[in-house]
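Peer 1: turn this into a model:
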Amino acid sequence: MNKNLTIYNNELIGLISILSVLNYHKKMSIGKSMLILPFFSHNNTLKVLKRKNIKVRSLEEFIIKYPSNFSNYNERFYSLLPVSINSIILLNRMKLISIKDGEILLKEDNVFEIGNKSLGNRAKEIILGAENLSQILMEDTKNLYLQLRVEL
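Peer 2: Model (predicted):
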């Protein structure tokens with residue numbers, strides 16, 4: 001991955017991405033959480049997800065409508081895997097989540113202000129896209145990996 005992209009998609013962006021989706025799910029598998037950052041790190045995908053007039057009902061529908069957004073998803077997944085893992089470790093160390101039996105649980109009593117304007121415009125865009133992405137991630141984890149063609 002390009003070094004500038006690694007800096008652009010850092011652990012803070014990963015943390016905000018995962019936390020924003022967890023605000024809708026409250027609990028998800030670690031495997032499913034690894035799929036979040038590759039969606040939000042892709043500008044065209046994020047542009048679609050953050051639109052208020054777009055309602056994404058399933059991953060299959062999303063892939064059919066926007067196939068070019070998924071042409072390099074597997075590459076993005078692997079290049080951002082360390083950032084995703086580090087973000088989860090940070091969330092756990094900050095006591096914003098807990099991890100149990102392979103699942104991440106959002107701690108309801110956390111004081112992190114995800115909507116704080118000082119986090120910047122990119123964080124704001126990710127938060128806007130979180131509802132649509134959370135809808136996509138309602139599907140079974142195995143099915144998501146298959147449809148996204150993530151090579152395991």
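
Peer 1: which residues touch the longest helix seen in the chain?
Peer 2: Determined from DSSP state H, the single longest helix within the chain is helix 73-93. Outside helix 73-93, the residues that touch it by C-beta atoms under 8 Å, 6 or more residues apart in numbering are 1, 5-6, 9-11, 13-15, 17-19, 30, 33-38, 41-42, 97-99, 104, 148-151. C-beta coordinates here come from the backbone N, C-alpha and C atoms, glycine included.

Peer 1: check this protein for me, the residue farthest from its geometric middle.
Peer 2: Ranked by distance from the centre of the chain (C-alpha atoms, centre = their mean), the top residue is Asp109, with 21.5 Å.

Peer 1: residues touching that one, list them.
Peer 2: Applying C-beta under 8 Å, 6+ apart, no residues qualify as near Asp109.

Peer 1: may I see the PyMOL selection of the buried members of the contacts of helix 73-93?
Peer 2: To isolate in PyMOL the members of the contacts of helix 73-93 that are buried, counting by 16 or more other C-beta atoms under 10 Å, one can use:
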select buried, resi 9+11+13+14+15+17+18+19+33+34+35+36+37+38+41+42+97+104+148+150
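
Peer 1: take the contacts of helix 73-93 and keep only those in strands.
Peer 2: 97-99, 104 (DSSP state E).

Peer 1: with pLDDT as extra columns, can I get the residues you listed in JSON lines?
Peer 2: Shown next, in JSON lines, are the ones in strands among the contacts of helix 73-93 (pLDDT from 0 to 100):
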{"residue": "Ile97", "pLDDT": "96"}
{"residue": "Ser98", "pLDDT": "96"}
{"residue": "Ile99", "pLDDT": "97"}
{"residue": "Ile104", "pLDDT": "97"}
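
Peer 1: just flag the most distant two among those residues.
Peer 2: Within these, two members stand farthest from each other by C-beta to C-beta: Ser98 and Ile104, at 7.7 Å.

Peer 1: tell me, what residue is most central in the chain?
Peer 2: Short answer for the chain (C-alpha atoms, centre = their mean): Ile36, at 2.1 Å.

Peer 1: distance of that residue from Gly14?
Peer 2: Relative to Gly14, Ile36 is positioned 8 Å away (C-beta to C-beta, to the nearest Å).

Peer 1: make sure Leu119 is actually in contact with Ile16.
Peer 2: Yes - with contact defined as C-beta atoms under 8 Å, Leu119 reaches Ile16; the gap is 6.5 Å.
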